[in-house]
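Asks: structural data only, the sequence is not supplied:
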């Protein structure tokens, strides 16, 4: 089926232009020329004659020319209208003013998306402008990111969210219009604001609350997915103040700790036959920087696993730590009972790779302790710690950056350049 014809009224296009010589402008000029020629013909076509003595002897009329009629007097010379020798530039300017001015189309302006890219060094704004290549280069230089597969849907949503499309005729494509952040009716039409972004810090804070709730309810897989999504969204987030920059950095640390702890907990549930490894992972989980409510649950869980495996010394340590967190009455009673039984025999039935007296951090890849003084490498984005053998590999916590890569750091606000 052929497309519908394009219809337009008499006023289309709305831009009014002066008719050229081929659009009817010749009609007025020719009519004016004909009038001038008629006037000139009335004045100069032939010479006036005087007829004298029409009743001559033979009835013939004598024709006299103008000079003879005036008696031969023509000595004055008339008007002295001679050409003046003017400078060339004045003469050229006079010629130009006599010609009709033709319409000149305005110069094509710079696209708004290009203005966004020239004014910004933020990866999120480059992605919103549609230039994914520069956004990738910025994130690689700033955060050492190598795996952009999780960021692809975010790039597409940023671009679609910062543009709207105005439909036109059936056989013509829609017009793409850029949406600016903070636009108002009083804004100057010649000043272009930054792009409107679909991801904001408030959205991440709401997602963090949902992830906390899922962790409390024991839905670890869902909570892990939410915390990972927060880590994947932060590289393209844009904030306006230095206070919000600090909040974004704090959010990275929170999400990193929970992703590490939840990965260990999910791993622990998968290895039901290895009780030693289950105890170790449960013990490592209690050393993640968690919310107080979640730390209580982690300590209660580790205490129960160690007690059932007859590692009474380790179980007693978890019981003491649990009582220090001001638990509920039920949990406090249970912790005191376990502590009372364990203090009778402070022995461990199995040897664990866990020393609660020596401070340590957990490797995000091997889930093993890195004690104070041992060598370590970190992720340039989420700052997760790893053993030196993991250097050069993809971070298993954020799943974005290369462990040990050089990076300049998080850049999420225009205030960081001031």
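Replies: Received the coordinates, thanks. These numbers were taken from a predicted model, which means no experiment stands behind them.
Asks: neighbours of residue 300, how many?
Replies: Applying other CB atoms under 10 Å, we find 20 residues neighbouring residue 300. All C-beta spots, glycine's among them, are computed from the backbone N, C-alpha and C.
Asks: next secondary structure after the helix or strand where it lies?
Replies: Taking DSSP states H and E as the definition, residue 300 sits inside helix 292-308. Helices and strands here follow DSSP H and E; after helix 292-308, the next one along the chain is helix 312-324.
Asks: tell me what that following helix is packed against?
Replies: Here helix 312-324 touches helix 275-285, helix 292-308, helix 329-342, going by 3 or more CB pairs under 8 Å, 6 or more residues apart in numbering; DSSP states H and E.
Asks: now, of these, which is deepest in the fold?
Replies: Greatest average neighbour count among the helices and strands packed on helix 312-324 goes to helix 275-285 (a mean of 21), per mean count of other CB atoms under 10 Å.
Asks: report the angle between it and helix 312-324.
Replies: Going by axes from the mean of the first three to the mean of the last three CA atoms, to 10 degrees, helix 275-285 is angled at 30 degrees with respect to helix 312-324.
Asks: counting contacts, what elements does helix 275-285 pack onto?
Replies: helix 242-270, helix 292-308, helix 312-324.
Asks: between these, which one is closest to residue 352.
Replies: Nearest of the helices and strands packed on helix 275-285 to residue 352, taken as CB to CB: helix 312-324 at 6.7 Å.
Asks: what comes up buried for that closest one?
Replies: 312, 314-319, 321-322 (16 or more other CB atoms under 10 Å).
Asks: what comes into contact with it?
Replies: 279, 283, 286, 296, 299-300, 302-303, 306-307, 331-332, 335-336, 338-339, 341-343, 345-348, 352, 354, 356 (CB atoms under 8 Å, 6 or more residues apart in numbering).
Asks: how far off centre is that helix?
Replies: When C-alpha coordinates are averaged (CA atoms, centre = their mean, to the nearest Å), helix 312-324 and its chain have centres 50 Å apart.
Asks: try stretch 195-203
Replies: Using CA atoms, centre = their mean, the distance between the centre of stretch 195-203 and that of its chain works out at 10 Å.
Asks: endpoints of that stretch, how far apart?
Replies: 17 Å (CA to CA, to the nearest Å).
Asks: likewise for stretch 108-121?
Replies: For stretch 108-121, the end-to-end distance is 25 Å (CA to CA).
Asks: what pLDDT, on average, does it get?
Replies: Taken as a whole, stretch 108-121 has an average pLDDT of 77.
Asks: repeat for stretch 88-99
Replies: Mean pLDDT, stretch 88-99: 56.
Asks: now swap in stretch 386-395 and tell me
Replies: The average of the pLDDT scores along stretch 386-395 is 96.
Asks: what of stretch 287-296?
Replies: For stretch 287-296, the mean per-residue pLDDT is 95.
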